[in-house]
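In: After the sequence you'll find the predicted model.
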Amino acid sequence: MDMKLSHDELLGRDGGGRYDRQELITWWDQEKIRSARVLVIGAGALGNEILKILSLTGIGEVLVYDMDIIEQSNLSRGVLFRDEDQGGAKATVAVKRMRELNPDVCAHPRVDNLNHKAGLGVFLWADVVICGLDNREARIFANSASAATGRVWVDGAIEGLAGIARVFDPAKGSCYECTMNETDRKLVAERRSCAMLARDIVESGHVPTTAVAASLVAALEVQEAIKVLHGQPALVSEGLHVNGLWGDISRVRYPRRDECPGHENLGPITPLGLASDAVTFEELLERAEGELGAGAVLDLSRDIVVSLECGSCGTSEPRYQVLGEIGEKDAACPKCRAHRGVEFASSICRDGVVDLSRTPQQAGLPLFDVIVARQGLDDQRAWLFDGDAPLVLGPLSVPEEMGGGFERT
C-alpha cells in the first residue's frame, strides 16, 4: 500500500506555512521580523548559532561583521562551517549557509575589523545589534557605537559549559562599561603601548568553549533581540547566567553609573547625501562654521594617526590611519630604527595638525561613518556619510531616513 502523501495533503496535515508555529505566539508579528534589520558582530561559535536561528525565524536583513578565517578548530563549534570551508572568511561562508537555510533572508558579509572599519552608519542602519565577541575592546566599541546611535545591543559570552546573555540600552539603563571593574580596564589598557599603539604580542590563551554553551547563549541572545523588536520585556540592564556544569541559571542586574563614559548619544543624525571621498575637511569645516559660527570643530568617531615622528633623526612620516590599526612594529624608524612618537587627532580644526585638503576617506576613517560638527560643549550637528551606504550594505536596503531610495536586489 502506497502511504506517500501529496504536497497538498502534507500542507494540510502540517497546518500552515514555514513560520506557522512561531506565528501562533499571540504577540508575534512575522511582518515585523521580515522587515527587521539586524547587525551581527562576530561569526564564530556564538555568531554561527545566532545567524542560524535568525535564518530559521525569517529575519529580513542581516549585516555580518567578522574579520577572521575558518580554522579546523572552528568546525566543532560552527554549525554553518564545513571541512572544505577552512581558509575561507567566516562572515562570507556564514552568509552563504544562511541563504541555504532560508532563501527569504537577505544577508551581507563584511570581512572587516569592527573597531577600525565599521562606520557608525551600520549601527544606525540596524534595528537591533547582536554580538558574538571574544574581547573587551570590541565590546567597548560596540557599546559606544550603540549609545551614539541610540541602538539596543545584545551581548553574549561563553566559557566551558557556562555563558551569559545580556542586553544594554545605554540611553535608558546601564551599558557595558558600567559592568567593567578596574581589572577589566587594566586588561584593556595592556593591549596598548605607552605610545597608544596596538601591542604586537598580547599574552592571551584560547578560551575553552563548547558547541553546547554556544548554542544555549546564542539562543538566549536571539530571543532577547526578538523581544526588543516586538517591544516585549527584555533583559535590559540585566544578564542571564547559565552554568551548565551545575545546572544553575541566575539573573543579575547591572546598576547604571552616571559617571560612566559609555552613554554618550549623538542626538539626531543628518544624512549629508555625500560619500566620504566626495568632500574635504576644509569643506566640512566651512559648513560647520556656517551653521555653528567661527571656531567650530569636527569630532571624529575614532582617533586617527596623522604622522609618525622620529625625535632622533627628525624625520616625519604621514600615515592617516585609525589609531588601532598601527602596531608597535610600525613605530620603528626605517632610517635610524629609533622608536617614533605618534601624532594623532580626535578632532579637526584649523590648527595645522590635519591636512584639510584630505577627505575623511583619505584620512583613514571608515566608510558610512558619522562626523560631528561642534561649537563648545552643547551645540553640535551629527552628519552621516550616507553616500557610502551602497559600498557597505551591498544588497541590503537603506531606510528612507538615511537617504535611502534603492531596494535590495
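Out: Done, it's in. None of the values given here were measured: they were computed from a predicted structure.
In: and the closest residue to Ser35 other than its chain neighbours, how many neighbours does it have?
Out: Sequence neighbours aside, Gly60 is the residue nearest to Ser35 in space, at 5.1 Å (criterion: Cβ to Cβ, 6 or more residues apart in numbering). Heads up, the C-betas are built off the backbone N, CA and C, glycines and all. Per other Cβ atoms under 10 Å, the neighbour tally for Gly60 reads 21.
In: hang on, Leu39 is in a strand, isn't it?
Out: Yes. Under DSSP: H, G, I helix; E, B strand; the rest coil, Leu39 sits within a strand.
In: right, and it touches Leu120 too?
Out: No. Using Cβ atoms under 8 Å, Leu39 is not in contact with Leu120, being 11.2 Å away.
In: rewinding a little: looking at it, the residue nearest to Ser35 is touching Ala36, isn't it?
Out: Yes. If you go by Cβ under 8 Å, Gly60 and Ala36 touch, sitting 5.0 Å apart.
In: Show me where the stretch 151-300 of the chain has its helices.
Out: 182-189, 211-230, 281-292 (DSSP state H, counting those that start in this stretch).
In: Gly324 and Ala157: what is the separation?
Out: Distance, Gly324 to Ala157, by Cβ to Cβ, to the nearest Å: 21 Å.
In: and what of Arg340?
Out: Between Arg340 and Ala157 the distance is 37 Å, computed by Cβ to Cβ.
In: domain parsing for this structure?
Out: Domains of the chain are assigned by automatic domain parsing as 7-263, 269-402.
In: Low-confidence stretches in the stretch 301-409 of the chain?
Out: For the stretch 301-409 of the chain, residues meeting the criterion pLDDT under 70 lie at 403-409.
In: again, only using 50
Out: Within the stretch 301-409 of the chain, the ranges that satisfy pLDDT under 50 run 405-409.
In: can you map out the strands along it?
Out: 316-322, 341-348, 370-375, 379-384 (DSSP state E, counting those that start in this stretch).
In: Looking at those, which is nearest to Ala296?
Out: The closest of the strands of the stretch 301-409 of the chain to Ala296 is strand 370-375. By Cβ to Cβ, the value is 4.8 Å.
In: List the neighbouring strands of the closest one plus their orientation.
Out: Taking DSSP bridges as the criterion, strand 370-375 sits next to strand 297-309 (antiparallel), strand 379-384 (antiparallel) in its sheet.
In: what's the angle from the last one to helix 281-292?
Out: Which is strand 379-384. 140 degrees (axes from the mean of the first three to the mean of the last three Cα atoms, to 10 degrees).
In: in strand 379-384, what counts as buried?
Out: Gln380, Arg381, Ala382, Trp383, Leu384 (16 or more other Cβ atoms under 10 Å).
In: out of those residues, which one sits closest to Ile304?
Out: When the buried residues of strand 379-384 are compared for distance to Ile304 (Cβ to Cβ), Trp383 wins out at 17.0 Å.
In: Spatially, what comes nearest to the closest one if we skip its sequence neighbours?
Out: Nearest one to Trp383, counting by Cβ to Cβ, 6+ apart, is Leu272 at 4.9 Å.
In: Spit out the contact partners of that neighbour.
Out: Listed by Cβ atoms under 8 Å, 6 or more residues apart in numbering, the contact set of Leu272 reads Val279, Trp383, Leu384, Phe385, Asp386, Gly387.
In: And the last one, how far from Arg302?
Out: Read that as Gly387. In terms of Cβ to Cβ, Gly387 sits 20 Å off from Arg302.
In: What is the neighbour count of Arg21?
Out: When neighbours are counted by other Cβ under 10 Å, Arg21 registers 12.
In: Would it be right to say that it lies in a strand?
Out: No. Read with three-state DSSP, Arg21 is helix and lies in no strand.
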